[in-house]
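Enquirer: After the sequence you'll find the predicted model.
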Amino acid sequence: EDGNGVVDFRELSTGLSVLCGNRDAYDKIKASFDLYDENGDGYISPEEMEAYLTSVFKVIYETVPGTQERMQGLDPEELAATTTDE
């Protein structure tokens, strides 16, 4: 998220929640929700959603070759901002 080239806790936990298949869908969604509802108000704000999507897209970009080209050169942050706005 900070562009330092290191996977931080948020990025790692997002990746694990997306990639680990031993939990049911509800548990994965709940874990992701709790992680990104930073202020604990029970809602995901646009800013919280953008942070979540940035982390997800970073994991996808690193694990699926050619993703950035398929996304017309958008980096994960740009893609997350565009997706959140839509």
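Expert: Arrived safely, thanks for sending.
Enquirer: contacting residues around the helix or strand hosting Leu53?
Expert: Assigned by DSSP states H and E, Leu53 falls within helix 46-63. Residues outside helix 46-63 that contact it (Cβ atoms under 8 Å, 6 or more residues apart in numbering) are 1, 7, 10-11, 14-15, 18-19, 32, 35-39, 44, 67-68, 75-77, 79-81, 83-84. Placement of C-beta: from N, CA and C, glycine included.
Enquirer: Count the residues that sit near Ile44.
Expert: 16 (other Cβ atoms under 10 Å).
Enquirer: should've said Ala80
Expert: 22.
Enquirer: Return the residues in contact with it.
Expert: Shown in contact with Ala80 (Cβ under 8 Å, 6+ apart): Glu50, Ala51, Leu53, Thr54, Val56, Phe57.
Enquirer: do that again at 6 Å, thanks
Expert: Glu50, Leu53, Thr54, Phe57 (Cβ atoms under 6 Å, 6 or more residues apart in numbering).
Enquirer: With pLDDT, distance to Lys28 and neighbour count as added columns, please give these in CSV.
Expert: Output for the contacts of Ala80, formatted as CSV (pLDDT from 0 to 100; distance: Cβ to Cβ, whole Å; neighbours: other Cβ atoms under 10 Å):
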residue, pLDDT, distance to Lys28, neighbour count
Glu50, 91, 20, 19
Leu53, 89, 16, 20
Thr54, 90, 18, 23
Phe57, 89, 17, 22
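Enquirer: now, which of these sits nearest Asp27?
Expert: Nearest to Asp27 among these, counting by Cβ to Cβ, is Leu53 at 20.1 Å.
Enquirer: gap between that closest one and Asp75?
Expert: 12 Å (Cβ to Cβ, to the nearest Å).
Enquirer: how deep is Val56 tucked in, by neighbour count?
Expert: Neighbours around Val56, by other Cβ under 10 Å: 20.
Enquirer: I appreciate the help and will end here.
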